[in-house]
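Visitor: Please work out how this folds:
(3 chains)
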Amino acid sequence: MRYIDEYRDPKIAQALAERIHAKVTRPWVLMEICGGQTHTLMRYGIDELIPAQVELVHGPGCPVCVTPIEIVDKAVEIASRPDVIFVSYGDMLRVPGTKSDLFRVKANGGDVRIAYSPMEAVKIAASNPTRQVVFFGIGFETTAPANAMAVWKARELGLTNFSELVSHVLVPPAIRLLLNSRENRVQGFIAPGHVCTIMGYWEYKALVEEFHVPIVVGGFEPVDLLEAIFMLVSQLEAGTAKVENQYGRSVDYEGNAPAQLIMENVFEVTDRKWRGIGNIPASGLRLRPEFAAFDAEKIFGVEAVEANEPPECISAQVLQGLKKPVDCPVFGSLCTPEHPLGAPMVSTEGACAAYHQYRRHLTSMGCIA
Amino acid sequence: MSALTLSCPMPVAAKDHVSLGHGSGGKLSAELMRDVFLPAFRNQTLEGLEDQATLRIGNARIAFTTDSFVVKPLFFRGGDIGSLAVHGTVNDLAMGGATPLFLSVAFIIEEGFPMEKLRRIAASLGQAAASCGVQVVTGDTKVVDKGSGDGVFINSTGLGVVPEGVCLSAGQARHGDAVILSGVIGDHGIAILAEREGLEFDSPVESDSAPLHTLVADMLATTHAIRCLRDPTRGGVSSSLNEIAAQSRVGILLDEETIPVREEVRGACEMLGLDPLYVANEGKLLAIVDPSVADELVAVMRRHPLGREARVIGTVSASDAGWVTMRTTLGTTRIVDMLSGDQLPRIC
Amino acid sequence: MCLAVPGKLVETQVIGDNRLGVVQFGGIRRSVFLDFVPDAKVGDYVLVHVGFAISRLDEEEAHRTYELLEHIGMLETEDAALAGELSTAEAVCSIRAGDAIH
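Guide: Residues are numbered from 1 along each chain as shown, chains lettered A, B, ... in the order given. Predicted coordinates:
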């Protein structure tokens, strides 16, 4: 497949790995932000190719993992109502709320459907005028334009039975939080290539200047990530701190103007609580007041209950890159993909799940769930 | 484009209720077997956990198996629930080395189901049985209230005869054995998905639903140095190999480069974030064989219409017991974990 | 949260207010909303995420990058003198990076 196979070429991957080996003279700690990048790193065993001195820690770029537990609870409540058709991306179905999850709601007779696109939910609403259709609008900036467009088009169609439960999160505030943390060990970041496809990479300039930390916008295939690692390591060894763009075939400085416009028209920035991390100011998106008729939180008036994570779950530290999944005492034993304690074990993009699925054999042989 | 209606990904700590994940052929199915069924009716044959039971009755070795068919949609490219009901059960028998002889078929039909569709299913079932050389000798029909079923469910039970000297079991794999796959993977699962979700293909993917007993017969005529045969249905190649690794207490190392996937299947999997190793097949088999016969067997298989793409995809080792690992195209190693429930398409 | 797949735009159509396209990836054809890529035309490659094209792939940029990468890959295969090739590769990478640094 074009634009995929070339970026999985083993020869090029190997060559980049060797370049990295030749370049590195001391240990470096790098973080890839996006869960999709974590997935690729795990699935292709990239850590085996790069020098042991280059440590990759996995960032909070898993919007499924960071969706606040209170929102999951609200989703569960709304989805349990008999007049509701609740439509969600597949990733969210297994995420544990306080007592239940969307999948269990479905098992108990709730009309919960998986969609590949928010426009499918709009179609469902158009074809089911007597039912309330609620779409679970989560994600980073990559997905926000599509979720915004769905609301916009629903309004154009004059639908009165369509709404979104919105819980978008933004990447740069999260990086800022990590960089501000006293415990931060990360010396260079791979910025998420698809978020930057939408937003451009102009936002990272301020971060790089303020914190003197190099940031490279990276793609999602093994060659992309290896090249991004090479670029970061090159900067670190040279002592520079600039924003660079590895993913030039999709990303430019300004980003996607029409996508940003629809986000601007439909959403506004808000404070957002990140599961496992806590509240990050101005790090989320919510529907603008003029779209109240499409705001599921307002329509359904769901009560937010203060929710607690299981005490054993260290996802807070994993999401901030302070600990690895394998450092968790219950990783692979009490906490497995079948019986997860926290969100990073549920989503295939979550660091814990990715480790469990692809790299568990490194840590404890014979530990089979 | 309708909303994706894929089945269960995996439930959350659902020990108190059965969920769809328990039927998906992965870890949860294994848990259900271990925690609910085995304790209730333990016996040595059952504990072998094979796809079929081989029983000695008098002088004959009888293979006995049962399978239920709940596929949705009922009709798809390359088959329907009727033909699947025959092929699936014939294949379970064939994986035991048996010559399939007789089937029973039990229908559970939802009230209101169109008679014309039932006729089509019955005809398809009959034709499939005839082409396999098996007879449907007994059966049953039940009709349930509207809303209690899903159109039609079919259970089929099969009987066959296992030749002397043929002893196949998932517990027999040993260090050095070769892992052979009979052909491209993922066709059936993607064909079903395509039908449900209205995926459009340049050249449409068809289910590979087919009876494998004549391919198996050719293989057994060549050599008896075959340890085990498995058809990778629900849960895909990954589930079958993980089961073998667990039962034989061996490690299995696959070579990603060698695993054949049709381009359209690969495209669908990329698009939806699925891994072909976990997608169902209904006309493929995995064989664990003595390494000295591997090349000969592959050549024999390739002469059969259902084995044209046969090849060695891995080896069995004594180390990493219980794990299935894979050498990636980049030369690194990752594990091929058993699925929990079904795969979900992801957007992340 | 970024599963976006590259595919070729093979058809465009306007239905009401919607500009839609058919994108082909590896033998599959999928209907996609083109609202975010108003300049995309038939023959272009686009990245698709949740049913929307989110960017038009810059073929020139991809080609340039790929050639450099292939060059590195080939150097490895030919087992060229490491020192000489290293500085070439480094220079190549930093020229490319230099274009994009702001």
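Visitor: which residues of the stretch 101-250 of chain A fall in strands?
Guide: Assignment of strands within the stretch 101-250 of chain A using DSSP state E, counting those that start in this stretch yields the ranges A:111-114, A:132-139, A:162-169, A:188-192, A:215-218, A:243-245.
Visitor: Can you tell me which of those is most buried?
Guide: Ranked by average neighbour count under the criterion mean count of other CB atoms under 10 Å in any protein chain shown, the strands of the stretch 101-250 of chain A are headed by strand A:215-218 at a mean of 30. In this view, the C-beta of every residue, glycine as well, is placed from N, C-alpha and C.
Visitor: Just the CA coordinates for it, please, in PDB.
Guide: C-alpha atoms of strand A:215-218 as PDB (Å, rounded to 0.1, in the frame of the first residue of the first chain):
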ATOM      1  CA  ILE A 215      10.400  18.600  19.600                       C
ATOM      2  CA  VAL A 216      10.100  16.700  16.400                       C
ATOM      3  CA  VAL A 217       6.800  16.100  14.700                       C
ATOM      4  CA  GLY A 218       6.700  12.400  13.900                       C
END
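Visitor: ok so, going back, would TSV of the strands of the stretch 101-250 of chain A with mean pLDDT be doable?
Guide: As requested, these are exported to TSV (pLDDT from 0 to 100):
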stretch	mean pLDDT
strand A:111-114	92
strand A:132-139	95
strand A:162-169	95
strand A:188-192	96
strand A:215-218	98
strand A:243-245	97
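Visitor: out of these, which comes closest to chain C?
Guide: Chain C sits nearest to strand A:243-245 of all the strands of the stretch 101-250 of chain A, at 4.0 Å, using CB to the nearest CB.
Visitor: Can you tell me which residue of chain C sits closest to chain B?
Guide: residue C:26 (2.7 Å).
Visitor: Just give me the neighbour total for the residue nearest to that residue when sequence neighbours are not counted.
Guide: The shortest distance from residue C:26 to any non-neighbouring residue, by CB to CB, 6 or more residues apart in numbering or on different chains, is to residue B:267 (2.7 Å). If you count neighbours by other CB atoms under 10 Å in any protein chain shown, residue B:267 ends up with 27.
Visitor: Equivalent analysis for residue C:16, please.
Guide: What residue C:16 shows, counting by other CB under 10 Å, is a neighbour count of 9.
Visitor: Ramachandran coordinates for residue C:47?
Guide: With angles defined as degrees, to the nearest 10, residue C:47 sits at phi -100, psi 130.
Visitor: returning to what we had before: for the residue of chain C closest to chain B, give me its contacts.
Guide: By CB atoms under 8 Å, 6 or more residues apart in numbering or on different chains, the contact set of residue C:26 is A:1, B:263, B:264, B:266, B:267, B:268, B:270.
Visitor: Name the residue of the stretch 201-348 of chain B that lies nearest to chain A.
Guide: Nearest residue of the stretch 201-348 of chain B to chain A (CB to the nearest CB) works out as residue B:332 at 2.9 Å.
Visitor: Next up, phi/psi of the closest residue to that residue other than its chain neighbours, please.
Guide: The shortest distance from residue B:332 to any non-neighbouring residue, by CB to CB, 6+ apart, is to residue A:45 (2.9 Å). Here the main-chain torsion angles of residue A:45 (degrees, to the nearest 10) amount to phi 60, psi 40.
Visitor: how many neighbours does residue A:45 have?
Guide: Applying other CB under 10 Å, we find 21 residues neighbouring residue A:45.
Visitor: Same question for residue B:233.
Guide: As a burial measure, residue B:233 scores 22 neighbours (other CB under 10 Å).
Visitor: which SS state does the closest residue in space to it that isn't next to it in sequence fall under?
Guide: Distance criterion CB to CB, 6+ apart; nearest residue to residue B:233, sequence neighbours excluded, is residue B:280 at 5.4 Å. Classification of residue B:280 using DSSP: H, G, I helix; E, B strand; the rest coil returns coil.
Visitor: would you say residue C:21 is within a strand?
Guide: Yes. Checked against three-state DSSP, residue C:21 lies within a strand.
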